[in-house]
Each structure stands twice: as structure tokens, then as C-alpha cells.
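> Mind folding the following:
(4 chains)
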There are 2 protein chains.
Amino acid sequence: MKALTIGKVAKQAGIGVETIRFYERTGLLNEPPRNNSGYRQYPPEAVVKLRFIKKAKQLGFSLQEIGELFNLRRQQDATCGDVRIRAEEKITNIEEKIRDLTRMKDALTNLTCQCSGKGPVSKCPILTALEPEKEKP
Amino acid sequence: MKALTIGKVAKQAGIGVETIRFYERTGLLNEPPRNNSGYRQYPPEAVVKLRFIKKAKQLGFSLQEIGELFNLRRQQDATCGDVRIRAEEKITNIEEKIRDLTRMKDALTNLTCQCSGKGPVSKCPILTALEPEKEKP
DNA sequence: ATAATCGCTGTACCATACTACAGAGTCAAG
DNA sequence: CTTGACTCTGTAGTATGGTACAGCGATTAT
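As a prediction, the model looks like this:
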């Protein structure tokens, strides 16, 4: 006997009960089985899925994009080549995010270094951090 | 003569005119000087700032957080140690995002590899990608 | 010099992602 | 066996981040 009620799942995933029902309504989560009195019965994996959603949102993915990531997995065996292409798009996308974040981090590190030093900063490293690279003449 | 109208800035930054005015209303952008007829006169750096905002949003930062990043820079010379602490918080935060994205990327790569191979996948690598690490007994 | 385009303010509306009830049934602990 | 916490459905409200006019003046291209 391992099924969880919605409240347990919510607590373990660190999100609200209403939010879970909302995700279900929008189709992001599929409907779990119910017990005799109509209570949702979640398998423990539901917690994993919800934690994934939470994290992915913090990384700038919309609920729709998160759904696409799930679909990628579900359709995997069906239409292999197609899925591969879309997965590679996601990967490229993610790599760009990582690059941007790395630049942003470097800029902030830079800022804290300058802070311990002295003198005015002519160009703001944070702002220019996310500029598209351009060749220097 | 280098001042740009709002339309020029918007085009160069790749965002809408209305959005720029919206950012101004909310205080994310400070009010630019005006010309005789009341038109906003932006310096070229405004484009850099707007592109930063656009990117940062894609990375999961809220407008408020983006504003905090800007403040970090502005207050830099004033309250050095304090700024340093908050900058380091941001850095830690960013490092976690990078870690999560890297895990997600690896999981997707994994998925495309499995795809070219064959056989059913018992555990979904995407879902478990963003799980907090736990020691394996 | 006169449209078309752009800019101004102000207000209203929109999509996304929740969040909060109301009103009724269910379950578990003392 | 009741009382308090939990669940259900349904509907409504909120926060964030825009987007879209209307109604007017300024500018620019022909």
C-alpha cells in the first residue's frame, strides 16, 4: 500500500494542493486513479514529477514547455527520429541558457572583486554580460 | 547626436514599444530625458539594458529580481560589504541553475542515445534529472 | 503640404500561473 | 461518535508581465 493523497504529495513536493489540481486541469499532469470516495491516489513517482516541474519553472520553462519535455519522453518509442530532433532543439536551448548564466555569474564575480578594489567602473559588467558576442576590430 | 527614439530602441532590443513604457512605469527602467515635444530620448546603452532584461527573463528571473541585479550595480560604491553579500547570494543561486540545467541536458542527451539504441526505459532520465542528490546505500 | 508613420498619455484588456473560497462529503484520533 | 483535518467540485479572484486601443500631437517621406 503506497498510494499518496494529494496533500501528502503536495507537502513532499513543496507545492500547494490547489496547484496540483490546477496542473491536472490544464493537462500537465494526467489524472490519477481514485479510491472509493473519489480521493486522488498518487504513486510516489508523482512527487518526482512535481519537483521536476518546480525546478524547471525556476529555470525559465513555461508549463507548456515542461509538458513538451514530458511528451518527448512518452513518444520516445513511437516516432524516434522526430523526437530526437526536438530533443536536440531543447538541448541547444539549454546550452544557451547555461552559457548566459555563466556569463552572468562571471560578471557578478567581477563585480564583487571590483568592490574590494577601488575606483569607478566605466562599463557595467553585469549589463554587458548577456550581450551577444561581437567580433572586436 | 546619438539619442534614440523609443521605436528605435525597441527594434534594436527586439521588444515592443509598449513593453518599454511598461518597464518604465514599473520602475525597472528610469525615465529617460525628453525632447521639446515630449519624446523620450534614449542613450544607446538603453538597448544593452533591455537586451539584458530579455535574456534574464528567459533564464527565469522575475522583473523584480532583475531590478535587484541593477540595484546591486548602482549601490556598489555606497555600501560595499552589503552589496557583496547579496551578489554572492545571486551567484550561488545562478550556480544552482547551471547545475540543474546541466543535469537536464545530460538527461536529454541520454534520452537521444537510448533512442538510437533499443529496448524499454525503466526509469525516466528526464524526470529524475532534477531530483536532489541522495546518497546510495 | 499632406498622408503615413511615429510618439504621447491613459485606460482597458489579455495570457499565464496560480490561489482562495464555498459548500459538501470523508477520515482518523481521542 | 464527534470534531477537526482532509478531500471533493466548481467558480471566482489575484499577481505578473505584458498588449491593445483611443484620441491626440509631432515628424517624415513623397
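
> can you pull the contacts of A:I94?
Applying Cβ atoms under 8 Å, 6 or more residues apart in numbering or on different chains to A:I94 gives the contacts B:101, B:104-105, B:108. For every residue, glycine as well, the C-beta is placed using N, CA and C.

> whoops, A:I15 was the one
A:50, A:54.

> So what does it look like in phi/psi?
phi -140, psi 170 (degrees, to the nearest 10).

> now it: how far from B:D82?
Going from A:I15 to B:D82 by Cβ to Cβ, to the nearest Å gives 32 Å.

> near DNA strand C, which residues of chain A show up?
Neighbours of DNA strand C within chain A, by Cβ under 7 Å from any atom of the strand: A:15-16, A:18-19, A:22, A:35-39, A:57, A:62-64.

> from these, which two are the most distant?
A:N36 and A:S62 (36.8 Å; Cβ to Cβ).

> Counting neighbours around each, name which of the two comes out higher.
Taking neighbours as other Cβ atoms under 10 Å in any protein chain shown, A:N36 and A:S62 compare with A:S62 leading, 10 against 5.

> ok, the residue in chain A that DNA strand D sits nearest to - contacts?
Ranked by Cβ to the nearest atom of the strand, the top residue of chain A for proximity to DNA strand D is A:G7, at 2.5 Å. A:G7 makes contacts with A:V17, as judged by Cβ under 8 Å, 6+ apart.

> Let me know the secondary structure of it.
helix (DSSP: H, G, I helix; E, B strand; the rest coil).

> Excluding sequence neighbours, find me the nearest residue to the residue nearest the centre of chain A.
In chain A, the residue lying closest to the centroid (Cα atoms, centre = their mean) is A:A56, at 0.9 Å. Nearest residue to A:A56, sequence neighbours excluded (Cβ to Cβ, 6 or more residues apart in numbering or on different chains): A:I66, at 4.9 Å.

> which SS state does that neighbour fall under?
Once three-state DSSP is applied, A:I66 turns out helix.

> what's the neighbour count on it?
20.

> again with A:E89
Counted with other Cβ under 10 Å, the neighbours of A:E89 add up to 13.

> what does the one 4 residues further on give?
Neighbouring residues of A:N93 were enumerated by other Cβ under 10 Å; the total is 17.

> sorry, back to before: would you mind measuring from the residue nearest to A:A56 to chain B?
10 Å (Cβ to the nearest Cβ, to the nearest Å).

> A:R34 too?
Here A:R34 is placed at a distance of 23 Å from chain B (Cβ to the nearest Cβ).

> Tell me the bridge partners for that residue.
The partner list for A:R34 in beta bridges (DSSP bridges) reads A:R40.

> That one touches A:R40, doesn't it?
Yes: between A:R34 and A:R40 a contact is recorded at 6.1 Å, counting by Cβ atoms under 8 Å.
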